[in-house]
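1. Need coordinates for the below:
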Amino acid sequence: MSARDWYGDAVQQSTSHLRRRTGDLAAFAEIREVVRSNGQERGVRSLQIRNADGLEIEVLTDRAFDIGDVRYRGVPVSWRSGNGYRHPSLHEVESEDGLAWLRTLDGFLVSGGLDHALFGGEYDATHYHYPPKQTVRHGLHGRLSSLPARLLSVDEEWQENGGVLRVRGEVVQATSFGEHLRLRRTIEVDVFGSGFRIDDEVENLGFERTPHMFLYHINVGWPVVDEGSEFHGAIQRHVWKSDSVDEQGAPHDRLIAPERHFVEQVWEHELSAGQDGRHRVALLRSDGNFGVEIDWDASAMPHFFEWQNLREGQYGVGLEPSTHHVSGEAAAREDGSMIWLEHGESRTYRTSITLLDGPEATAAARSRVQSISRKEATA
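-> All right, here's what the predicted structure looks like:
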């Protein structure tokens, strides 16, 4: 039963209706500031956002303003790896041959960037004009997720018809004689609704020409991820797939049950954009009762990966919009597709996530994706 079923139609029309029935609108929707106090998460600040329709998301202030837990009407949506939301002081971004990023991988959104994403390596750094620094070494998906954010604002904008819960933060990734990039992130949740929006701006504050790569590792877990769950996207072609796909044979569009020792499978799908210029994908339970839909600006993040981690105890799927191909930084530098930001230049990214509750909602999402595929087929 939805919140509106309990509150009545008037709740959609008038905030004054609610004010007459409570002494504090936080009874229905609020943003709560929390600091964890135990274990590896001790000291991690977060913002818990809860709206009147039962949507709850957690913004991890000290984890690059990424998103941890997501629930809708009590149903968990985000994937949990077991790592926990470790305090950034515990991260060792250059250890384990560049794979230490995997110790930060937990929750709904883990961002990759800002000057590097995808697999690591050693790259030319002469563009920084510092003779002792001829090269720079990057680990998997860069340094961003291990950086704490600065909280800029918390706003609960109650309007006569609904309103918006909004938080803003910024993360600066900088080093002397190297990159000086700033991410400003705004996350909005409508007081009533089943979705939220992420608006990002990345700006080069430095005076040296700087590479920029950006990726959203959006991680979904059980019960959305389950045997028979379906992936939907307007796929033109499969650009790339990991060797494990041929070895294991799990399909990209229908999930298998958790499997012992499953090796992650990664696909790069070339997607068609809708008439609105946005890519759109959906992950739906086979029974049609629940799902997640994601849409984003196709020109800003033209590439997309599907990460299948269907191992027992790690069971989840990553839906990953990206600025660059899976081939990574070396290939992007060689073929000219690397994004370079001069001083003061910036790029913006706008993404929407909608949680789909019930057969009507999942059917509508499936139809939206299929309409893009049909348009492409007749073009």
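2. Going by C-alpha atoms from here, please, whenever you check contacts or count neighbours.
-> Noted.
3. what pLDDT does residue 94 get?
-> At residue 94, the predicted lDDT confidence score is 81.
4. secondary structure element for it?
-> Per DSSP states H and E: residue 94 is located in neither a helix nor a strand.
5. contacting residues for the closest residue to residue 352 other than its chain neighbours?
-> What sits nearest to residue 352 in space, not counting adjacent residues and going by CA to CA, 6 or more residues apart in numbering, is residue 197, at 4.5 Å. With contact set as CA atoms under 8 Å, 6 or more residues apart in numbering, residue 197 has these partners: 187-189, 350-353.
6. switch the cut-off to 7 Å
-> 187-189, 351-353 (CA atoms under 7 Å, 6 or more residues apart in numbering).
7. From start to finish, how long is stretch 244-264 in a straight line?
-> 7 Å (CA to CA, to the nearest Å).
8. Give me the contact list for it.
-> 226-232, 265, 308-312, 315.
9. at 8 Å instead, please
-> Applying CA under 8 Å, 6+ apart, the set of residues contacting stretch 244-264 is 225-232, 265-267, 306-313, 315.
10. Of those residues, just the buried ones, PyMOL syntax please.
-> Buried subset of the contacts of stretch 244-264, written as a PyMOL selection, criterion 16 or more other CA atoms under 10 Å:
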select buried, resi 225+226+227+229+230+231+232+265+266+267+306+307+308+309+310+311+315
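11. Which ones among the contacts of stretch 244-264 map onto helices?
-> Among these, DSSP state H puts none in helices.
12. Return the subset of the contacts of residue 197 lying in strands.
-> Secondary structure assignment (DSSP state E) places 187-189, 351-353 from the contacts of residue 197 within strands.
13. in the stretch 151-300 of the chain, which spans are strands?
-> Here the stretch 151-300 of the chain has its strands, by DSSP state E, counting those that start in this stretch, at 163-174, 180-190, 195-204, 210-212, 215-220, 230-233, 235-241, 265-271, 278-284, 290-297.
14. Out of these, flag the one nearest residue 96.
-> strand 215-220 (20.3 Å; CA to CA).
15. On the pLDDT front, check the residue nearest to residue 352 for me.
-> At residue 197, pLDDT is 98.
16. Can we start the residue count at 6 from this point?
-> I'll keep to 6 as the first residue from here, and by that count the last item is residue 202.
17. Can you give me the separation between it and residue 292?
-> For residue 202, the distance to residue 292 - CA to CA - is 27 Å.
18. State which helix of this structure is the longest.
-> helix 364-383.
19. Could you list every helix and strand that it packs against?
-> Packing contacts for helix 364-383, counted by 3 or more CA pairs under 8 Å, 6 or more residues apart in numbering; DSSP states H and E, involve strand 235-238, strand 283-289, strand 295-302.
20. Could you point out which of those sits nearest residue 90?
-> strand 295-302 (22.5 Å).
21. what packs against that closest one?
-> strand 283-289, strand 351-362, helix 364-383.
22. The first one packs against which elements?
-> Helices and strands in packing contact with strand 283-289 are listed as strand 235-238, strand 295-302, helix 364-383; criterion 3+ CA pairs under 8 Å, 6+ apart.
23. Mind putting the ones you listed into a markdown table with mean pLDDT?
-> Putting the helices and strands packed on strand 283-289 into a markdown table (pLDDT from 0 to 100) gives the following:
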| stretch | mean pLDDT |
| --- | --- |
| strand 235-238 | 98 |
| strand 295-302 | 98 |
| helix 364-383 | 87 |
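24. closest one to residue 116 among those?
-> strand 295-302 (14.7 Å).
25. Make sure residue 158 is actually in contact with residue 170.
-> No - Residue 158 sits out of contact with residue 170 when judged by CA atoms under 8 Å, with a separation of 10.9 Å.
26. So for those two, which residue has more residues nearby?
-> Between residue 158 and residue 170, residue 170 has the larger neighbour count (other CA atoms under 10 Å), namely 22 against 10.
27. Please name the residues that touch the more buried one.
-> 35-36, 54, 56, 159-162, 193-196.
28. For it, give its distance to residue 105.
-> 34 Å.
29. same thing with residue 229?
-> Relative to residue 105, and taking CA to CA, residue 229 is found at 28 Å.
30. And those two? Which one has more around it.
-> residue 229 (26 against 16).
31. Hmm, residue 292 and the more buried one touching each other?
-> No - with contact defined as CA under 8 Å, residue 229 and residue 292 do not form a contacting pair (10.3 Å).
32. And for residue 310, the neighbour number?
-> 24.
33. Find the nearest non-adjacent residue to it, please.
-> That would be residue 273: by CA to CA, 6+ apart, it lies 4.4 Å from residue 310.
34. ok, the one you found - contacts?
-> 243-246, 308-311, 330-331 are the contacts of residue 273 under CA under 8 Å, 6+ apart.
35. got TSV for those, with pLDDT and distance to residue 101 too?
-> Formatted as TSV, the contacts of residue 273 follow (pLDDT from 0 to 100; distance: CA to CA, whole Å):
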residue	pLDDT	distance to residue 101
243	96	31
244	97	29
245	97	26
246	97	24
308	98	27
309	98	26
310	98	24
311	98	24
330	97	24
331	96	21
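36. For PyMOL, write the selection for the buried entries among the residues you listed.
-> Of those, the buried ones can be selected in PyMOL as follows, counting by 16+ other CA under 10 Å:
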select buried, resi 244+246+308+309+310+311+330+331
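37. Widest-spaced pair of the contacts of residue 273?
-> Once CA to CA is applied, those give 246 and 308 as the farthest pair, at 13.5 Å.
38. lowest-pLDDT helix or strand in this structure?
-> Lowest on mean pLDDT, DSSP states H and E among the helices and strands of the chain sits helix 15-18, with a mean of 47.
39. C-terminal to it, which secondary structure element comes first?
-> Next element after helix 15-18 (DSSP H and E): helix 20-24.
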